[in-house]
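Asker: pasted the sequence and its predicted model underneath.
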Amino acid sequence: MPRNDGRSAALLALIFGLLIFGLATLKGGIIALAIPPAVYLAAALLGRRNMPRVSAVRTLSSGHVAPGQEVTVTLVVTTSGDQGIGNSGQGSGMTHGTPNRRGDAGTGVIGVQDMIPDGLELTSGDADLLTLRQPLTLLPDDGVVSLSYTIRGTRGEFAFRDVVVSLHDESGVFLRVIIVTAPATLLIRPNLRKLRPIVLHPPRTRGFAGPIPARQSGSGVDFFGMRQYQLGDRLRWINWRVSARHERRLYTNEFEQERIADIGIILDARAQTDVRTPAGSLYDHSIQAATALSDMLLDQGNRVGLLIYGRGREGVFPGYGNGQRERIFRALGRTASGHNYALESLNHLPVRFFPSGSEIIFIGSLTGVDDISVLTRMRANGYGVMALSPNPIAFEAASVQADARAVSYARRIAEVERRLATVELRRVGIQVIDWVVDRPLDQTLHESLTRQPAQSRPLVGGAR
Amino acid sequence: MRRNSLLLFGCVIVAVVAMGIGFALGGSWIGVAVASGLGGVWLLVHMLGNRSTGNLAVWLCFNALAAVGLAIDLPAGWMLIAAVAALCAWDMIHYEQRRASATRVDAIDLMDRRHTIWLALTGGVGLVLGAAALFIRVDFGFGIALVLALAAVILLSQLMRVVSKG
């Protein structure tokens, strides 16, 4: 978009220069040479007076999309005082620029340039336009200039705001640039990869039927135990084989109840535990894991909450269903790892954010100074804890030349340190899933959970 | 775009030819050579793309050359024609630059036509008024001259104020 490049000043300088030179040499002809540029400047000034009121409305075809999905942005700039275009709700905004001098629509040339936020890619259409502004006869819509283009991007929250509207007179000498704000927000949620269901063993379950074994007898599928027949028991539950061994006694089978549970996902967004390589950020993998897990757990009917701990503490209170899924995806869509001196340690983790007896899934690299002690304390407080840890060593090693001996030693030391940490966590009953991010999360989860050691079973039992 | 380029090329040619004729009639062949050189440089600057500064510099040189021509009593009419043509060429280059800055340009034919008409009118009026100033002589006394000079000063200062406010 062109800016005022001092043409008016050049014209004035020429006019004055010719006048002074003409007066100095007493040549009227030289003074006469100043007349054409003066006429030109005067004509430009006359055109400059027609500066209208400018307003802009931006509409997005969708305010919340998946990565790579195209979104059509429509920008309508109105250059008269007409405010007939209304705000069309979510994903659109409308404000007005500077008011006109005379209040008329006038004629001239208008340039519109939309500012596309960084991280979004223009796929079709143009985000800037130069056209005539002639409201009464030439344009089909009275004083309206519209732009339409499509964009796409990866995960994140993108705020559209400014539109640069430049109003030119016919000569282009007087260019007025007006920044009009037309706010709209586009949220691109994280990429979702579906997971097969996993079985968790939370300390407590809730009263509604679900997929999690409640370690309590009742109606269910899996055999739980036997007891003496009581009046009201279903006849088909009688264990005839056992009853035959006893005289005048009947025994019935008991089944394990399956319930839903409170599950809290804690996402470690601290910059110091994130690993950034040219291939990307480890935190992005953590977000993917959180997305997939929350989706799968909500599908199972559980009550799921989310806490993102890093630059700040952003939480989504526990809830059920599609609405909760949407809230969690939104939070995960706009999150980014960051540093906060107050939250350098996990000690300030607001554990009470989740109901007591919840199953806590901690997603992070486990490289913080006191991660182990905090998770241990949570376990001791009666929470079921699972640590899903994207492996930072393997992730970083993939982008480092591993030929050097020093690198090899460093990697071995880091691996030993990590192994010790995971052993310590497992010893206190925390399930640790070491996820090498090159492998699918689904495969890693199922392999790890099917060979969990016995001590990872919950210490506290019973159903609410 | 093609019509604009032809117009621009035509304006530069007219400016160079008018300036050349003016200097040739005065017997100053150096002036002819300088004018031709300036015309070539102008077209070159335009084609190379370094437009804003180069364009301004060449245009100012053309005007300076016209002023020098008038200072050494060369035919004023040709100098005025050259100056007006140079002004039009300068404007055309800026217009093309403005158009090229946008990815999409709507109503392009209409915009071109309107700009051409506007430029023709402005240049025509400037040429007529300049010619009138050159060839019409009005005798008036010192008082009127003083009033006119004051009016010119006030007008120009007002113009400067408006321009500086942007």
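Answerer: Arrived safely.

Asker: which SS class is the residue nearest in space to the middle of chain B?
Answerer: By CA atoms, centre = their mean, chain B has its centre lying nearest to residue B:87, at 2.0 Å. Three-state call for residue B:87 (DSSP: H, G, I helix; E, B strand; the rest coil): helix.

Asker: report how many residues lie close to the nearest residue to it once chain neighbours are set aside.
Answerer: Of all residues not flanking residue B:87 in the chain, residue A:36 sits nearest, at 5.5 Å (CB to CB, 6 or more residues apart in numbering or on different chains). C-beta here means a position set from N, CA and C on the backbone, and glycine is covered the same way. A count of nearby residues for residue A:36, using other CB atoms under 10 Å in any protein chain shown, gives 29.

Asker: test my guess that residue A:36 contacts residue B:124.
Answerer: No. Because the distance of 9.8 Å does not satisfy CB atoms under 8 Å, residue A:36 is recorded as not touching residue B:124.

Asker: tell me which stretches of chain B form helices.
Answerer: For chain B, the helices defined by DSSP state H occupy B:2-25, B:29-48, B:52-71, B:76-100, B:108-135, B:142-165.

Asker: winner for burial among the ones you listed?
Answerer: helix B:76-100 (a mean of 24; mean count of other CB atoms under 10 Å in any protein chain shown).

Asker: check which helices and strands that helix is in contact with.
Answerer: On a contact count with 3 or more CB pairs under 8 Å, 6 or more residues apart in numbering or on different chains; DSSP states H and E, helix B:76-100 meets helix A:28-33, helix A:35-48, helix B:2-25, helix B:29-48, helix B:52-71, helix B:108-135.

Asker: now those helices as TSV including distance to residue A:266 and mean pLDDT?
Answerer: Listed next are these as TSV, based on distance: least, CB to CB, whole Å; pLDDT from 0 to 100:
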stretch	distance to residue A:266	mean pLDDT
helix A:28-33	78	88
helix A:35-48	60	86
helix B:2-25	64	88
helix B:29-48	61	87
helix B:52-71	57	88
helix B:108-135	58	89
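
Asker: out of the ones you listed, which gets nearest to residue A:281?
Answerer: Residue A:281 lies closest to helix B:52-71 among these, at 42.5 Å (CB to CB).

Asker: so what secondary structure elements neighbour the closest one?
Answerer: Counting by 3+ CB pairs under 8 Å, 6+ apart, helix B:52-71 packs on helix A:7-25, helix A:28-33, helix B:2-25, helix B:29-48, helix B:76-100.

Asker: a markdown table for these, including distance to residue A:144?
Answerer: Converted to a markdown table, the helices and strands packed on helix B:52-71 look like this (distance: least, CB to CB, whole Å):
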| stretch | distance to residue A:144 |
| --- | --- |
| helix A:7-25 | 29 |
| helix A:28-33 | 43 |
| helix B:2-25 | 27 |
| helix B:29-48 | 35 |
| helix B:76-100 | 21 |
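
Asker: any idea how far residue A:20 is from the residue nearest to residue B:23 when sequence neighbours are not counted?
Answerer: Once flanking residues are discounted, residue B:23 sits nearest to residue B:31: 3.1 Å by CB to CB, 6+ apart. Per CB to CB, to the nearest Å, residue B:31 is found 22 Å from residue A:20.

Asker: for residue A:380, same thing?
Answerer: Taken as CB to CB, the span from residue A:380 to residue A:20 is 90 Å.

Asker: same question, residue A:279
Answerer: Distance, residue A:279 to residue A:20, using CB to CB: 66 Å.

Asker: likewise for residue B:84?
Answerer: Residue B:84 is 21 Å from residue A:20, by CB to CB.

Asker: how about residue B:96?
Answerer: 32 Å.

Asker: cool, and residue A:445?
Answerer: 84 Å.

Asker: neighbour count: those two, which is higher?
Answerer: For the pair residue A:445 and residue A:20, the greater number of neighbours falls to residue A:445 (21 against 13), based on other CB under 10 Å.

Asker: show the pLDDT at the more buried one.
Answerer: Each residue has a pLDDT score; the one for residue A:445 is 90.

Asker: which strand or helix spans it?
Answerer: Using DSSP states H and E, residue A:445 falls within helix A:441-450.

Asker: which secondary structure elements does that helix contact?
Answerer: Using 3+ CB pairs under 8 Å, 6+ apart, helix A:441-450 is in contact with helix A:282-299, strand A:431-435.

Asker: wait, the residue nearest to residue B:23 sits on residue B:65?
Answerer: Yes. Under the criterion of CB under 8 Å, residue B:31 makes contact with residue B:65 at 7.0 Å.

Asker: what touches both of the two?
Answerer: With contacts taken as CB atoms under 8 Å, 6 or more residues apart in numbering or on different chains, the residues that reach both residue B:31 and residue B:65 are residue B:19.

Asker: now render the helices and strands packed on helix A:441-450 as JSON lines, adding mean neighbour count, distance to residue B:45 and mean pLDDT.
Answerer: Formatted as JSON lines, these follow (neighbours: other CB atoms under 10 Å in any protein chain shown; distance: least, CB to CB, whole Å; pLDDT from 0 to 100):
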{"stretch": "helix A:282-299", "mean neighbour count": "22", "distance to residue B:45": "50", "mean pLDDT": "93"}
{"stretch": "strand A:431-435", "mean neighbour count": "21", "distance to residue B:45": "62", "mean pLDDT": "92"}
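
Asker: quick one: the longest helix belonging to chain A to chain centroid distance?
Answerer: In chain A, with assignment by DSSP H, the single longest helix is helix A:405-427. Helix A:405-427 sits 32 Å away from the centroid of its parent chain (CA atoms, centre = their mean, to the nearest Å).

Asker: quick one: work out the angle between that helix and strand A:431-435.
Answerer: 150 degrees (axes from the mean of the first three to the mean of the last three CA atoms, to 10 degrees).

Asker: I'd like the C-alpha coordinates of helix A:405-427 written as PDB, please.
Answerer: Output of helix A:405-427 as PDB, limited to C-alpha atoms (Å, rounded to 0.1, in the frame of the first residue of the first chain):
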ATOM      1  CA  ARG A 405      31.200 -39.200  21.900                       C
ATOM      2  CA  ALA A 406      30.300 -36.400  24.200                       C
ATOM      3  CA  VAL A 407      26.700 -36.300  22.800                       C
ATOM      4  CA  SER A 408      26.500 -40.100  23.200                       C
ATOM      5  CA  TYR A 409      27.600 -39.900  26.900                       C
ATOM      6  CA  ALA A 410      25.300 -37.000  27.600                       C
ATOM      7  CA  ARG A 411      22.400 -38.900  26.200                       C
ATOM      8  CA  ARG A 412      23.200 -42.000  28.300                       C
ATOM      9  CA  ILE A 413      23.400 -39.900  31.400                       C
ATOM     10  CA  ALA A 414      20.100 -38.200  30.700                       C
ATOM     11  CA  GLU A 415      18.500 -41.600  30.000                       C
ATOM     12  CA  VAL A 416      19.700 -43.000  33.300                       C
ATOM     13  CA  GLU A 417      18.500 -40.000  35.100                       C
ATOM     14  CA  ARG A 418      15.100 -40.300  33.500                       C
ATOM     15  CA  ARG A 419      14.900 -44.000  34.200                       C
ATOM     16  CA  LEU A 420      15.600 -43.400  37.800                       C
ATOM     17  CA  ALA A 421      12.900 -40.800  38.000                       C
ATOM     18  CA  THR A 422      10.300 -43.100  36.400                       C
ATOM     19  CA  VAL A 423      11.300 -45.900  38.800                       C
ATOM     20  CA  GLU A 424      10.800 -43.600  41.700                       C
ATOM     21  CA  LEU A 425       7.400 -42.600  40.400                       C
ATOM     22  CA  ARG A 426       6.400 -46.200  39.800                       C
ATOM     23  CA  ARG A 427       7.500 -47.100  43.300                       C
END
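
Asker: list the buried residues for it?
Answerer: For helix A:405-427, burial by neighbour count (16 or more other CB atoms under 10 Å in any protein chain shown) applies to A:411, A:414, A:418, A:421, A:422, A:425, A:426.

Asker: ok, the last one touching residue A:420?
Answerer: No. Counting by CB under 8 Å, residue A:426 stays clear of residue A:420, with 10.9 Å between them.

Asker: alright, calling it a day.
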